[in-house]
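Asks: need a 3D model of the sequence below.
(chains A and B)
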Amino acid sequence: MRRKDVLDLDDFTPDELREVLETTAAMKEVLARPIRRVPPLRGKTIVNCFYEASTRTRVSFELAAKNLSADVVNITASGSSVEKGETLIDTTRTLQALGADMVIMRHGASGAPYLVARELDASIINAGDGWHAHPTQALLDLFTVQSRLGSIEGRRVAIVGDILHSRVARSATWGFTTLGAQVVLCAPPTLLPIGFADAVSTGLRAKGISTPCPVTMTHDVDEALRDADVVMALRVQRERMDAGLLPSLREYSREWGITRERIAKARFGALVMHPGPMNEGVEISPEVAYGPQSVIEAQVTNGVAVRMAVMYLLAGGRAGPAV
Amino acid sequence: MSNQNNDPIRLATAHGRFLGSVVIRGGRVIDPGQGIDAITDIAVRDGFVDSVGIGIDAPPGAQVIDARGLIVTPGFVDLHTHLREPGFEYRETIATGTAAAAAGGFTTVCAMPNTEPAIDTTAVVDFIRDTARRQGSVRVYVIGAITRGRKGKALADLIELATAGVVAYSDDGDCVTDSALMRNALAYSRTTGRPVVQHAEDRALTTGAQMHEGSVSARLGLAGWPRAAEEIIVARDCELAALTGAHLHVAHVSSAGTLDFIRRARSRGVHVTAEVTPHHLTLTDTLVGGHWWSATASLPAYDTSTKVNPPLRETPDSLAMAAGLRDGVIDCIATDHAPHATTDKHCEYQAAASGISNLETALGSVLAVVHAGGLTLVEAIAALTIRPARVFGLASGTLLPGMAGDVTIFDPDREWCVDPTQFRSKGRNTPLAGHILRGQVIQTIVGGEVICDRSA
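Replies: Predicted coordinates:
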């Protein structure tokens, strides 16, 4: 992979995405071995720099780094100098001086990893920035769909939930559409990002990808689910109600919740996904979340392999099974 | 001023007498205030315009300037300048801000009152006027706050401020949100005849907003600042100006839709004036997503130099701004020069301060519109000279004999690369770094004294 950082999937070519997916398959194979540890990042220092609370993503990155034999240091905003008012630039300069080889960063401000990436010689992997991007989550979604359905091109992916505030939805949209799928974004009108479909069409054209109508946005969940191959539900937070964007979680659940009745509108055997953590009974009913079509647990497992693949490729590794 | 400057410019510093004599020969004099557009000469004697005409005599002791091939205009007038002093001297001072003005061809600036303390008492007005007299490179007028401490709760002593010399009132940086308070400010301003300058932003619609709401903000995951937040306040204020008969001046118009409300109010005889900034005339929100100025100069995504309030909007808006200047709905260009320190901008986008350091690039930006055919040269100069002077009733912006001898001489075709490290302003915050602008100030003359000189 000829890039220093992974900040979003908007600048990935289809070939780069395929390279990651291919490498992820090799990493899955490593994870199936009795001893999971392989040496490619031996002697490298990876810093997990999390400005927002996260358990699953941080642990997933940490396991991935350790499986590749890297040394891992965790920094969280609470309890560190960040609490004492150290700025992001100060922290970045410290990381530079300490000689980190790779920085995994989660931050509440959209674009924050871009600022850090400009300052640091180390590779940055964006582990989620504000509402903007969460590229490794999208990559694990791509990998999960590809391994379950065999292909991504031509598939119809419905993402239902709080799209406006979702970095998962944005990155997943770039990833799926770059590989030729169509994405339908569905949310109450107050939670749809005006103009996002246009932005993606423009961005794809710049990459030479000419899928007709790559992204549509609707508040009609039945329309969104019709003929969908993949249905992804997103977490809806109580604070959206407090901000006046939703009347109540009860109404949301009734109108947009992914239930067994609704999932029947999708294509037979459609995959059900969720980036977690779930509000069961709000955006997704437990019978769907734990039903036969759910691949939610596989997403978590694949997350480790995808992150191993991304770190391996950023460190100069080649795609393929030779790990 | 700094020995690191390579830009061949000589800039006079603190003097503040402005009583020089100069004769400028052979330039194309464009003075829209008098309807002059001709190759002719100008003489300034002891600080004031003496005569305009071919072959006029040089006043005794006058410096002679050869302006052949150059444009000679009244010194530019800026109605919207953040000089930051008192309170934020790490961002700009009256000395550096006025030096930047001179370097950009502005001979008159109006200082905005979002200082610390705010300009809401005679003492602060006096401080700024005194400091400007001692340290300023150009003429400084003062704008007073509308409300006490700019807090939007109670009117400042508007008559006292006018007596102290303020030329307008504004809470710029913050909108006067309370409709009753705005009505009262407009009504009370009739006692002094000074315009009330509104920063139009309905804060309920801009909570957390970082940039224009549209496809770029959707892509970048930044909270949007919709056009409606500006239009709603302008629509309301036009009605309040109609109700009170006062003079409303709309600061930094950014949305095409705003012009419809102003046009409608004007057609009913309401006294509404408006200004537009160079950046809203020339730049759009796509810059926030990253931009290549040339093969070697680029603006990365989320560059905080693009963060400004109101935000950069879309191409139809910037085209509407030029059309608005042409048809007069927008009276003038004002820079909204908003210098910031590196620490204010070198941070996350949502943590960054809003504003662009504008005085030194304003002419080049405006001329880009002229070169592209969006404005005539005469229209652009009018929008920088006589038109802003008329909005605030300032005795400047034209070269009638007897007026202050403030003259700007520029080369409309000279290309230069924007290098913020060469700025006279302390604020290096501009999205134009590395961009080639066509058109540069050669000399700035205040009261017959050459304050800025790039002719060497």
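Asks: roughly how far does the nearest residue to B:Ile232 once chain neighbours are set aside sit from chain A?
Replies: Among residues not flanking B:Ile232 along the chain, B:Asp202 sits closest, at 4.9 Å (C-beta to C-beta, 6 or more residues apart in numbering or on different chains). For every residue, glycine as well, the C-beta is placed using N, CA and C. Here the criterion is C-beta to the nearest C-beta, to the nearest Å. By it, B:Asp202 lies 15 Å from chain A.
Asks: go on, B:Val391?
Replies: Using C-beta to the nearest C-beta, B:Val391 is found at 35 Å from chain A.
Asks: average pLDDT across the longest helix anywhere in chain B?
Replies: Determined from DSSP state H, the single longest helix within chain B is helix B:227-244. Average pLDDT, helix B:227-244: 98.
Asks: enumerate the positions of the helix or strand following that helix that are buried.
Replies: Next along the chain after helix B:227-244, taking DSSP states H and E as the criterion, comes strand B:248-250. By neighbour count on 16 or more other C-beta atoms under 10 Å in any protein chain shown, the buried set for strand B:248-250 is B:248-250.
Asks: reformat these as JSON lines; add distance to A:Val160 and pLDDT.
Replies: Output for these, formatted as JSON lines (distance: C-beta to C-beta, whole Å; pLDDT from 0 to 100):
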{"residue": "B:Leu248", "distance to A:Val160": "46", "pLDDT": "98"}
{"residue": "B:His249", "distance to A:Val160": "48", "pLDDT": "98"}
{"residue": "B:Val250", "distance to A:Val160": "42", "pLDDT": "98"}
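Asks: dump stretch B:128-144 to PDB, restricted to CA.
Replies: The C-alpha trace of stretch B:128-144 is given here as PDB (Å, rounded to 0.1, in the frame of the first residue of the first chain):
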ATOM      1  CA  ILE B 128      -7.800  53.600  20.400                       C
ATOM      2  CA  ARG B 129      -7.800  57.000  18.900                       C
ATOM      3  CA  ASP B 130      -4.700  58.100  20.900                       C
ATOM      4  CA  THR B 131      -2.800  54.900  20.100                       C
ATOM      5  CA  ALA B 132      -3.700  55.200  16.400                       C
ATOM      6  CA  ARG B 133      -2.500  58.800  16.400                       C
ATOM      7  CA  ARG B 134       0.800  57.800  17.900                       C
ATOM      8  CA  GLN B 135       1.400  54.400  16.300                       C
ATOM      9  CA  GLY B 136      -0.900  54.100  13.400                       C
ATOM     10  CA  SER B 137       0.200  54.000   9.800                       C
ATOM     11  CA  VAL B 138      -3.200  54.900   8.500                       C
ATOM     12  CA  ARG B 139      -6.400  56.700   9.700                       C
ATOM     13  CA  VAL B 140      -8.400  54.800  12.200                       C
ATOM     14  CA  TYR B 141     -12.100  55.300  12.900                       C
ATOM     15  CA  VAL B 142     -13.800  53.500  15.800                       C
ATOM     16  CA  ILE B 143     -17.000  51.500  15.800                       C
ATOM     17  CA  GLY B 144     -18.700  51.300  19.200                       C
END
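Asks: which parts of it are buried?
Replies: B:128-129, B:131-133, B:135-144.
Asks: farthest pair within these?
Replies: B:Ser137 and B:Gly144 (22.8 Å; C-beta to C-beta).
Asks: I figured B:Pro113 hits B:Asp120, correct?
Replies: Yes - B:Pro113 lies in contact with B:Asp120 (C-beta atoms under 8 Å); the separation is 6.9 Å.
Asks: how far away is B:Thr207 from B:His371?
Replies: 39 Å (C-beta to C-beta, to the nearest Å).
Asks: give the next helix or strand downstream of the helix or strand where B:Gly97 lies.
Replies: Assigned by DSSP H and E, B:Gly97 falls within helix B:94-103. Using DSSP H and E, the helix or strand that directly follows helix B:94-103 along the chain is strand B:106-111.
Asks: avg pLDDT for whichever helix or strand comes after that following strand?
Replies: Sequence order places helix B:122-135 as the next helix or strand after strand B:106-111, per DSSP H and E. For helix B:122-135, mean pLDDT rounds to 95.
Asks: how about B:Arg28, secondary structure?
Replies: Secondary structure, DSSP: H, G, I helix; E, B strand; the rest coil: B:Arg28 is strand.
Asks: just to revisit the earlier point, which neighbouring elements make contact with the longest helix of chain B?
Replies: Packing contacts for helix B:227-244, counted by 3 or more C-beta pairs under 8 Å, 6 or more residues apart in numbering or on different chains; DSSP states H and E, involve helix B:179-189, strand B:196-198, strand B:248-250, helix B:256-267.
Asks: who wins for proximity to chain A among these?
Replies: Chain A lies closest to helix B:256-267 among those, at 15.7 Å (C-beta to the nearest C-beta).
Asks: same for the closest one, what does it pack against?
Replies: Packing partners of helix B:256-267 (3+ C-beta pairs under 8 Å, 6+ apart): helix B:227-244, strand B:272-276, helix B:315-327.
Asks: and stretch A:244-264, end to end?
Replies: By C-alpha to C-alpha, to the nearest Å, the extent of stretch A:244-264 from end to end equals 31 Å.
Asks: quick one: it to chain centroid distance?
Replies: Relative to the centre of its chain, stretch A:244-264 is centred 23 Å away, using C-alpha atoms, centre = their mean, to the nearest Å.
Asks: what mean pLDDT does whatever helix or strand B:Val370 lives in have?
Replies: Using DSSP H and E, B:Val370 sits in helix B:362-371. The pLDDT scores in helix B:362-371 average 98.
Asks: quick one: the helix or strand that comes right after that helix to helix B:362-371, angle?
Replies: For helix B:362-371, the following helix or strand on the C-terminal side (DSSP H and E) is helix B:377-384. Helix B:377-384 runs at 150 degrees relative to helix B:362-371, counting by axes from the mean of the first three to the mean of the last three C-alpha atoms, to 10 degrees.
Asks: tell me which residues are up against whichever helix or strand comes after helix B:377-384.
Replies: The first helix or strand that comes after helix B:377-384 along the chain, using DSSP H and E, is helix B:386-392. Contacts to helix B:386-392, defined as C-beta atoms under 8 Å, 6 or more residues apart in numbering or on different chains, come from residues B:31-33, B:74, B:77-79, B:108, B:110, B:141, B:167-168, B:195, B:249, B:273, B:275, B:331-334, B:394-398.
Asks: what do B:Pro113 and B:Asp120 both touch?
Replies: By C-beta under 8 Å, 6+ apart, B:Pro113 and B:Asp120 have these common neighbours: B:144-145, B:150.
Asks: just give me the closest of those to A:Val282.
Replies: Checking those against A:Val282 by C-beta to C-beta gives B:Arg150 as the nearest, at 43.3 Å.
Asks: that closest one and B:Gly173 touch, don't they?
Replies: Yes - contact criterion C-beta under 8 Å: B:Arg150 and B:Gly173 qualify, at 7.3 Å.
Asks: please work out how many residues are found near B:Gly61.
Replies: B:Gly61 has 10 neighbours, counted by other C-beta atoms under 10 Å in any protein chain shown.
Asks: so what's it up against?
Replies: By C-beta under 8 Å, 6+ apart, the contact list for B:Gly61 reads B:Ser21.
Asks: contacts only, for the residue nearest in space to the middle of chain A.
Replies: Centroid check for chain A by C-alpha atoms, centre = their mean gives A:Gln137 as the closest residue, at 2.0 Å. If you count contacts by C-beta under 8 Å, 6+ apart, A:Gln137 has them with A:57, A:128, A:167-168, A:171-172, A:275, A:303.
Asks: many thanks, have a good one.
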